[in-house]
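> Here's a sequence, model it:
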Amino acid sequence: MRTPPNERLTSDIAETGKARKASGPQKACPERRCVLTGASESRDALVRLAASPSGLVLPDAQEKALGRGAWVCSSRSAIEEAQANGKLKGALARAFKTGDLEIPEELPQKIEDALKRVFLDRLGLEMRVGALILGTQRIAETARAGGISALFHASDASEDGRKKLDQAWRVGRETEGSGERGWTLPLDRDALSVALGRDNVVHLGLANDAAAARVLKPLKRLMHYLGQEIPDESGRANSRAATDTND
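The predicted structure follows:
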């Protein structure tokens with residue numbers, strides 16, 4: 001008996017049975033306070049900023065930089081506004097307990113670039129361990145056989161190409177008529193192809209729930225930062241409007 005769709009691929013996919021077996025006992029994700037809004041949220045929904053010894057503020061998307069960090073949960077547009085009106089500088093001065101900071105004008109873009117890099121690096125790791133499925137025909141065949149846990153499309157994938165694979169995915173998951181769709185990525189085929197070292201990467205599939213959990217974590221953080229809609233538990237919402245180009 002297949003797992004119901006609202007349990008197979010949800011925003012908390014790491015809690016599914018397969019993900020738990022792969023990653024061991026689950027722990028509650030600790031919360032951090034956004035220095036701009038004062039709101040406390042799951043660390044997975046925030047972006048960490050770090051200051052170098054000289055006071056240069058940079059994104060710490062890997063969360064590995066030593067020393068005090070400052071967490072922001074705002075979107076790129078909110079950070080740009082806070083930077084323009086001086087609120088970002090004041091919030092970071094309080095967080096780092098020093099006013100001797102250098103905040104690059106291009107910090108919002110640096111954050112976006114860092115989040116994209118983490119996401120693409122994660123895809124590369126999944127490809128190396130054999131969990132990433134590429135190629136429209138291979139994805140369709142694997143999807144119909146129920147072998148794909150998560151389906152993704154480049155931002156410039158054609159509507160027709162997406163619909164065909166979405167349908168194959170629903171067939172394999174026995175959820176025909178549900179309206180479930182794959183995730184539309186905030187990256188086009190050129191960015192995906194360069195990052196993965198393959199030609200014309202338009203669609204991607206992940207072979208198991210554990211791999212999907214590992215990929216969805218940085219993807220949702222990136223989409224949140226970009227202010228893009230994140231699909232609900234049913235998978236019916238699109239993360240980004242599609243452009244109608246050819247596959």
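> quick one: contacts for the residue nearest to residue 98 when sequence neighbours are not counted?
Sequence neighbours aside, residue 55 is the residue nearest to residue 98 in space, at 7.0 Å (criterion: CB to CB, 6 or more residues apart in numbering). Quick note: C-beta positions are derived from backbone N, CA and C, even for glycine. Residue 55 sits next to 98, 100-102 when contact means CB atoms under 8 Å, 6 or more residues apart in numbering.
> need the contact list for the closest residue in space to residue 89 that isn't next to it in sequence.
The shortest distance from residue 89 to any non-neighbouring residue, by CB to CB, 6+ apart, is to residue 103 (5.9 Å). Contacts here follow CB under 8 Å, 6+ apart; on that basis residue 103 touches 57, 83, 88-89, 92.
> got any ranges where the protein has weak pLDDT?
1-29, 232-247 (pLDDT under 70).
> Can you tell me the centre-most residue of this structure?
residue 219 (0.4 Å; CA atoms, centre = their mean).
> can you tell me the helix or strand for it?
For residue 219, the element it lies in under DSSP states H and E is helix 209-226.
> that older thread, can you check the contacts of residue 55 and name whichever has the most neighbours?
residue 101 (18 neighbours; other CB atoms under 10 Å).
> In contact with it: list those residues for me.
With CB under 8 Å, 6+ apart, residue 101 has these contacts: 51, 55-57, 89, 92-93.
> now, which of those lie within strands?
Judged by DSSP state E, the contacts of residue 101 include 51, 57 as members of strands.
> from the contacts of residue 101, which is closest to residue 133?
Nearest to residue 133 out of the contacts of residue 101 is residue 57 (CB to CB; 38.9 Å).
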